[in-house]
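[1] need a 3D model of the following:
(chains A, B, C, D, E and F)
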There are 6 protein chains.
Amino acid sequence: MSFDEAYSGKVFIGSRTSYTDADLVLFGMPMDWTVSFRPGSRFGPGRIREASVGLEEYSPYLDKHLEDVRYHDAGDLLLPFGNPQKSLDIIEETMDGFLRDNKFPIGIGGEHLVSWPIMKAMARKYEDLAVIHIDAHTDLRTDYEGEVLSHSTPIRKACEWIGPENVFSFGVRSGEKEEFLYARTSGMNFHPFEVHEPLQRILPELHQRPVYVTIDIDVLDPAYAPGTGTAEAGGISSKELLQAIHSIGHSGAFIVGADLVEVAPVYDHAEKTAIAASKFIREMILGFPKAR
Amino acid sequence: MSFDEAYSGKVFIGSRTSYTDADLVLFGMPMDWTVSFRPGSRFGPGRIREASVGLEEYSPYLDKHLEDVRYHDAGDLLLPFGNPQKSLDIIEETMDGFLRDNKFPIGIGGEHLVSWPIMKAMARKYEDLAVIHIDAHTDLRTDYEGEVLSHSTPIRKACEWIGPENVFSFGVRSGEKEEFLYARTSGMNFHPFEVHEPLQRILPELHQRPVYVTIDIDVLDPAYAPGTGTAEAGGISSKELLQAIHSIGHSGAFIVGADLVEVAPVYDHAEKTAIAASKFIREMILGFPKAR
Amino acid sequence: MSFDEAYSGKVFIGSRTSYTDADLVLFGMPMDWTVSFRPGSRFGPGRIREASVGLEEYSPYLDKHLEDVRYHDAGDLLLPFGNPQKSLDIIEETMDGFLRDNKFPIGIGGEHLVSWPIMKAMARKYEDLAVIHIDAHTDLRTDYEGEVLSHSTPIRKACEWIGPENVFSFGVRSGEKEEFLYARTSGMNFHPFEVHEPLQRILPELHQRPVYVTIDIDVLDPAYAPGTGTAEAGGISSKELLQAIHSIGHSGAFIVGADLVEVAPVYDHAEKTAIAASKFIREMILGFPKAR
Amino acid sequence: MSFDEAYSGKVFIGSRTSYTDADLVLFGMPMDWTVSFRPGSRFGPGRIREASVGLEEYSPYLDKHLEDVRYHDAGDLLLPFGNPQKSLDIIEETMDGFLRDNKFPIGIGGEHLVSWPIMKAMARKYEDLAVIHIDAHTDLRTDYEGEVLSHSTPIRKACEWIGPENVFSFGVRSGEKEEFLYARTSGMNFHPFEVHEPLQRILPELHQRPVYVTIDIDVLDPAYAPGTGTAEAGGISSKELLQAIHSIGHSGAFIVGADLVEVAPVYDHAEKTAIAASKFIREMILGFPKAR
Amino acid sequence: MSFDEAYSGKVFIGSRTSYTDADLVLFGMPMDWTVSFRPGSRFGPGRIREASVGLEEYSPYLDKHLEDVRYHDAGDLLLPFGNPQKSLDIIEETMDGFLRDNKFPIGIGGEHLVSWPIMKAMARKYEDLAVIHIDAHTDLRTDYEGEVLSHSTPIRKACEWIGPENVFSFGVRSGEKEEFLYARTSGMNFHPFEVHEPLQRILPELHQRPVYVTIDIDVLDPAYAPGTGTAEAGGISSKELLQAIHSIGHSGAFIVGADLVEVAPVYDHAEKTAIAASKFIREMILGFPKAR
Amino acid sequence: MSFDEAYSGKVFIGSRTSYTDADLVLFGMPMDWTVSFRPGSRFGPGRIREASVGLEEYSPYLDKHLEDVRYHDAGDLLLPFGNPQKSLDIIEETMDGFLRDNKFPIGIGGEHLVSWPIMKAMARKYEDLAVIHIDAHTDLRTDYEGEVLSHSTPIRKACEWIGPENVFSFGVRSGEKEEFLYARTSGMNFHPFEVHEPLQRILPELHQRPVYVTIDIDVLDPAYAPGTGTAEAGGISSKELLQAIHSIGHSGAFIVGADLVEVAPVYDHAEKTAIAASKFIREMILGFPKAR
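    Residues are numbered from 1 along each chain as shown, chains lettered A, B, ... in the order given. Coordinates of the predicted model:
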């Protein structure tokens, strides 16, 4: 019997390597328990895999083919519904395993809170870690209505662990007054509204540094990514986000892992959010990992 | 690391047993290559699994729990795009394996043509096989524009293998004139338009006989199942199909396997077709298998 | 060059006869200018033709085939936007032509006001005309905010022309208090809420009488026909409306024409309203016309 | 300046009386914080009001007009996001006020948990209170993953306050095994799967007793009400629920209040759930309150 | 009892001031009676308020918070269905009241005709009034099929009242030949196809002049605003419209009022049109009013 | 009787000339038999005509009116389902007829394979033919799973007939590695990712040469054209495609025909793809034909 993994959308296209043999591991984190407005990102990883069936395995942007990388789609983590702390513990422990095994991790959310334990594990491993954060929202709250574990807080946490000066935010166009105040006064590398231009300027600064990249799909305008929980008008296009991903990949930064979060398919019947997300992930798989 | 199968919709809820230990095997056949009007059923198995997350594991109709059966969701078969013959060969071979291993098979389509090799394998194993066919369409063509392998022909094939008098059709309300002529003159047990009433009458005749059950979701009215390729007005309700499934399960027939086909999620944004289909499958898992 | 009319949805399936040779003429009246709440029925005729591509030409209910009738789909009338009076004049004149040429007319709306000039022309030709009206709404207003030409008034008009005792309404479940008062006191044959049962009782009374049948798709529950301007919960199923159409066809009444109105496709993405409507029209073509 | 309340969907049609002069008060409880699967019912009250614009004010079922009752749509309660306890306190306090002022309350959810404080306040006022519960789900859990305040628990709570023998459940077709066990052994009046028939049988028992009626929209089949968080196949039709509402109104029971909950508009683009819900509420306003 | 206005979407977020204390008044004009193609904008104001719940109250573009302005959401005007003249009279009278009370008005449509009486009242108060008009359509017809009161005529009217040289149109990409001829020969400040660049050039000319701003949402490309009656391909992005709003606010013009019209939610299931519109309105509230 | 062609969406707006008198012929090719992923473009021509009702007949970009050209919408070709070879033969024969009759052809797909026989006929007539190809995909395969007649091969065929150096591709962003290799080494004029800039550079080279233009709607980003079979993120905007069409029309090239393909309406409920496509076709009708 030959039960297919790839065809039926159970793994992302081109996943042909076992975990042991893989250099890169793709994995889903189907969690949205702390989302206040419009949940649904728990269905993101599955639908992104399903949409990947419509992609070519070859990237003409990078002139590379998924056969050129050894990668393994490990599936989705089992995260206990309604229990953020336990969920984060599982993600952190998984991440420690990946790092121990020298795997390049690419995570698919789920809500943005999933990046918290990943960045925490990364910060433990890489002393001089920098974070590139591309998002419509600051995600810089200390808490949300008293709750620290929220999809509004992970970047604030990253600032605490690695210092605000090592966090580089791009494209942000929404947040509370206090968050913007923090962003502008804490020493963060904060580049609101735009992505491409400031990124071009900043990337040389990150030469040879270990960099983790976290991308919230809502940095795109709702025209390009309606399938997300907190769609915010005035964003960038898919083309611009592709450019940003390519710029990061072509830069001299030593990328150590990445994630793409907040795809919530229910709000997008044309499935263009998942279609775009699957392309971004293909480009990340092909363009991000390299020798230091 | 604990990667979850069930939660992320990769397996149908309640699948906790390995293939070896299981009595019942659930499997998908994501194929729609011969569909002329509105394809899309290749995405059926995946979305039905996804929808199963919203179900309870307990059936109050049967007072049984999915923990009460040992079953394994084997995933989807790898069927080669655009090659019906090869796809059917794979299904047939898989089915032979299941029967050799004494597994009770429940298949999820995909187009109705997938039932062809299953019924063929069943007919080889059970000499006195009967087929219960619940569908909006006759599926009795000898060919479709010259092509024998079509989603319009499987029931005609079954008639040829096991004799029309052993095929019991219910709920049919569409087909070509020639198909209805055949249905009415060949000796078939043909009960168009209605399901519940004729089924009640017929089931006693099938006492202790091996019976394969094939259900096309389009027997439901489009109000209940818009997500299908050839929606046909004037069908039955979800409640009536549940009753039919329960009647079959409660009858004295010796059910040997079953399938549910033609769920095409793209035409149904409210996802009610997949939601209903996942419930039908739960009831089939809980109600169909029994000792002879 | 062979430009196809039928395939591309430009004519209803099975239209193979010229106007001159046809016994029955199908025609669209794409008008919705007087609709206050949710317009869109002007797109009804086109989408119903498009949906007819998915139908079989054979009706197993009637054991008849569209090849058995000589009919011509004349396309849509050119009705001037925003000018109800002129539009009605055109319809009336067209109808007079059809009747002169001894054609059996089946009209597709458009809003219900299009039935007004048809019934008027019919009443001129047939002295003892009766009207069967199947609808969720009374349509018995004398005017709508002062306007006589409204989709709320055509049945009242019919009562005036042929006498309320010759108007038979079925399935009505919404209207103003004054309309229900009129329906119940004027002598009308008024059978609210239900269709099948009262129709069975009434049809013998219409033996050999000339009868015009006007069906508003919103008699169906919104579950079956969401694509309509004033969807009203609590309606009948597609199966029940099929039964009603078949009962009328099988009765001894001398049916002289019919229409189906108020399909507004924009509110129904699964297209089930147009799919159902195309089936109703096939059954009307096959079942309504007969020699007196 | 004349700012309109009714037309723009800000109040339910026909609300013309001030709170002080009203006999009946309609109010919304836009809360969905404890919903695990598909939230969204917080938008229910607003969309039901919006849909009411398409209704007539006259009910032909009851031959009554909204002008015949003095009622006031008080708008939506301000419920603090993410704080179920505080939200329930506010509802309970509001309910106490309504009862003190001798208003007949009709509440619109929101999730089913909103019925908890209402039933609590009712039980305090009416010693011999009975509850009629129409729902697809048992809602009989003692807690949901340890949390007592959940949309799965309110009917269990009602059983504790007024005794299970005074709770009458109809139409339930989903729940955990333990819930069904409780329902069947605790002394509850439990009538699963069906609504109309058992209700007819039971209503005479409730003659002259104070009865609170709580209706979860998901008792309808997803064909009729896709816009709800936990749609469950195999339900009843809108017509049957209308019949149930009318039966209750026509019975000798002394109805003291009612609610309709769990309309989540985002899952229903045709808006048929809100359209149906607005009609149910009109019939409840017209049919439920009467002198003892 | 604390019935909430803001939370349930009944008022735009941040409306905390009474009419009397407010400097700025927000109000809806739910009218679409003259729309020929695809009505539905009467539901615009309500859905924009509903979408505002998802916004932050702080604008990082302007570094201002809704708490920094005293504003009152007055709700929707009661406009009589199907009576444009009466509706316009009501709007005009309301506007006169606002101007008398020294309120800065921001109106939400409804169809573009609602801007007519507002501009008329403005022209009476401010002798040297200029109008900034951002739209996909010219709206310069003298009449539509003989009807002067049409959503195609308001800008022509403005030209007549204040002189074409005081009307500044941007972004127009559709209209009749005669309208473009008028636009190009009458002396109007007509800048078709583009918004940002010509606006930058023109704004200095408007220094210290009283300026009324009217924005039709269809200036956006349908990718950004599918929810509108006459979507026209080839438009600008949400980002560009935000820039335009900010440019106007930052210019030396003395803005005296503004409106945003033609949001028709039914054509946009992802609700991105209302989501974008609510953000534009927040920026207008925060950025437009200032001392002369 | 006056049955309207244009109003009811049966012909594209402004078609007023008979075939004989027309200079330009518009025609549909409703074929999608070779589409592997998401079929549906067979419904493209009909929906584009329907959407054209919402357009003005005047183009402000070109200052031309549809009355200024004599054109005839010939309707859709009758193409036999599932038979690509026969379908292509019919198209080729039709095209030969058009060329013999000196008509300027504008074709509407259907899948991209329909361009194959058109280009073949064109290449026969014009020795020095050049092709401008605007598309998201290379369409340069020699075959698709062994099948030469595929929507992935037509541009490869064109290269074979007229030489790769005479094929000018713009905007391509997806394909197989081998296709890109061919594109880059065969001598093709291959300009991936961008459209406007390279087109500006290239057009002077085509001065006075006969040029056929084939546009695949998926060159647009899915934000602008979700209604297509293989939507590919990272595309251009509607505005950029309009610019490209205008640049081609304004260039000195001698355009001899054009097509627009791959609109598949089912994936786009807001109908923005058809709305945009109808505008592109209006601009092609007005801007492409001219004397040599």
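[2] got any ranges where chain A has weak pLDDT?
    For chain A, the stretches with pLDDT under 70 are A:1-10, A:35-38, A:291-292.
[3] do a quick rundown of the strands in it.
    Using DSSP state E, the strands of chain A run over residues A:3-4, A:24-29, A:58-59, A:64-65, A:71-77, A:104-109, A:130-134, A:167-170, A:189-191, A:210-216, A:254-261.
[4] for chain D, what's its nearest residue on the stretch 101-250 of chain A.
    For the stretch 101-250 of chain A and chain D, the shortest gap (Cβ to the nearest Cβ) falls at residue A:145, measuring 5.7 Å. From N, CA and C alone the C-beta is placed, and that goes for glycine too.
[5] now residue A:219: closest residue in space, sequence neighbours ignored.
    Closest residue in space to residue A:219, ignoring its immediate chain neighbours: residue A:171 at 4.3 Å, by Cβ to Cβ, 6 or more residues apart in numbering or on different chains.
[6] correct me, but the one you found touches residue A:137?
    No: assessed by Cβ atoms under 8 Å, residue A:171 is found out of contact with residue A:137, at 9.6 Å.
[7] so how far is chain B from the nearest residue to residue A:172 once chain neighbours are set aside?
    Spatially, and ignoring its direct neighbours in sequence, residue A:172 is nearest to residue A:192 (4.6 Å; Cβ to Cβ, 6+ apart). For residue A:192, the distance to chain B equals 34 Å [Cβ to the nearest Cβ, to the nearest Å].
[8] list the residues that contact residue A:192.
    A:169, A:171, A:172, A:173, A:180, A:183, E:60 (Cβ atoms under 8 Å, 6 or more residues apart in numbering or on different chains).
[9] out of these, which is nearest to residue F:163?
    residue A:171 (45.1 Å; Cβ to Cβ).
[10] quick check: phi and psi at that closest one.
    phi 80, psi 0 (degrees, to the nearest 10).
[11] which residues does it contact?
    Listed by Cβ under 8 Å, 6+ apart, the contact set of residue A:171 reads A:134, A:135, A:136, A:191, A:192, A:193, A:194, A:195, A:219, A:235, A:236.
[12] which residue, other than its chain neighbours, is closest to the fourth one?
    It stands for residue A:191. Nearest non-adjacent residue to residue A:191 (Cβ to Cβ, 6+ apart): residue A:198, at 3.6 Å.
[13] if I look at that neighbour, how far off is chain C?
    With Cβ to the nearest Cβ as the criterion, residue A:198 and chain C are 41 Å apart.
[14] show me what from chain A comes close to chain E.
    By the rule Cβ under 8 Å from any Cβ of the partner chain, the part of chain A lying against chain E is A:37-38, A:172-177, A:180, A:192-193, A:221-224, A:226-227, A:230-237, A:267-269.
[15] and those residues, which are buried?
    Neighbour-count burial (16 or more other Cβ atoms under 10 Å in any protein chain shown) applied to the residues of chain A next to chain E gives A:38, A:172-177, A:180, A:192-193, A:221-224, A:226-227, A:230-237, A:267-269.
[16] so of the residues you listed, which ones are in helices?
    Judged by DSSP state H, helices contain the following of these: A:177, A:180.
[17] show me what residue of chain A gets nearest to chain C.
    Counting by Cβ to the nearest Cβ, chain A gets nearest chain C through residue A:269, at 7.9 Å.
[18] out of the contacts of residue A:171, which is nearest to chain E?
    Looking across those and measuring by Cβ to the nearest Cβ, the closest to chain E is residue A:192, at 5.9 Å.
[19] and residue A:213, bridged to which residues?
    residue A:132, residue A:258 (DSSP bridges).
[20] residue A:283 is in contact with that one, correct?
    No: Residue A:213 lies out of contact with residue A:283 (Cβ under 8 Å); the separation is 11.7 Å.
[21] so these two - more neighbours on which side?
    residue A:213 (24 against 21; other Cβ atoms under 10 Å in any protein chain shown).
[22] what residues are up against that one?
    Per Cβ under 8 Å, 6+ apart, neighbours of residue A:213: A:131, A:132, A:134, A:248, A:255, A:257, A:258, A:259, A:284, A:288.
[23] swap in residue A:133?
    Residue A:133 touches A:139, A:155, A:158, A:167, A:168, A:169, A:170, A:214, counting by Cβ under 8 Å, 6+ apart.
[24] tell me the one of those residues nearest residue D:111?
    Lowest distance from residue D:111 to the contacts of residue A:133 (Cβ to Cβ) belongs to residue A:139, with 27.8 Å.
[25] residues touching the closest one, list them.
    A:112, A:133, A:151, A:152, A:153, A:154, A:155, A:156, A:175, A:179, A:216.
[26] try 6 Å
    For residue A:139, the contact set (Cβ atoms under 6 Å, 6 or more residues apart in numbering or on different chains) comprises A:112, A:152, A:154, A:155.
[27] the third one: how many residues sit nearby?
    The local packing of residue A:154 (other Cβ under 10 Å) involves 30 other residues.
[28] touching, it and residue A:115? I think so.
    Yes: if you go by Cβ atoms under 6 Å, residue A:154 and residue A:115 touch, sitting 5.0 Å apart.
[29] and stretch A:189-207, how far apart are its ends?
    16 Å (Cα to Cα, to the nearest Å).
[30] and stretch A:211-220, by the same measure?
    By Cα to Cα, the extent of stretch A:211-220 from end to end equals 22 Å.
[31] buried residues in it?
    By 16+ other Cβ under 10 Å, the buried positions in stretch A:211-220 come out as A:211, A:212, A:213, A:214, A:215, A:216, A:217, A:218, A:219, A:220.
[32] dump the residues you listed to TSV, plus distance to residue B:244.
    Converted to TSV, the buried residues of stretch A:211-220 look like this (distance: Cβ to Cβ, whole Å):
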residue	distance to residue B:244
A:211	59
A:212	55
A:213	53
A:214	51
A:215	49
A:216	47
A:217	43
A:218	46
A:219	50
A:220	47
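[33] enumerate the residues of chain A near chain D.
    Contacts of chain A with chain D, taken as Cβ under 6 Å from any Cβ of the partner chain, map to A:39, A:82, A:145.
[34] count of residues packed around the last one?
    As a burial measure, residue A:145 scores 12 neighbours (other Cβ under 10 Å).
[35] can you check residue A:276 too?
    Neighbours around residue A:276, by other Cβ under 10 Å: 30.
[36] likewise residue A:93?
    Under the criterion other Cβ under 10 Å, the count of neighbours that residue A:93 has is 14.
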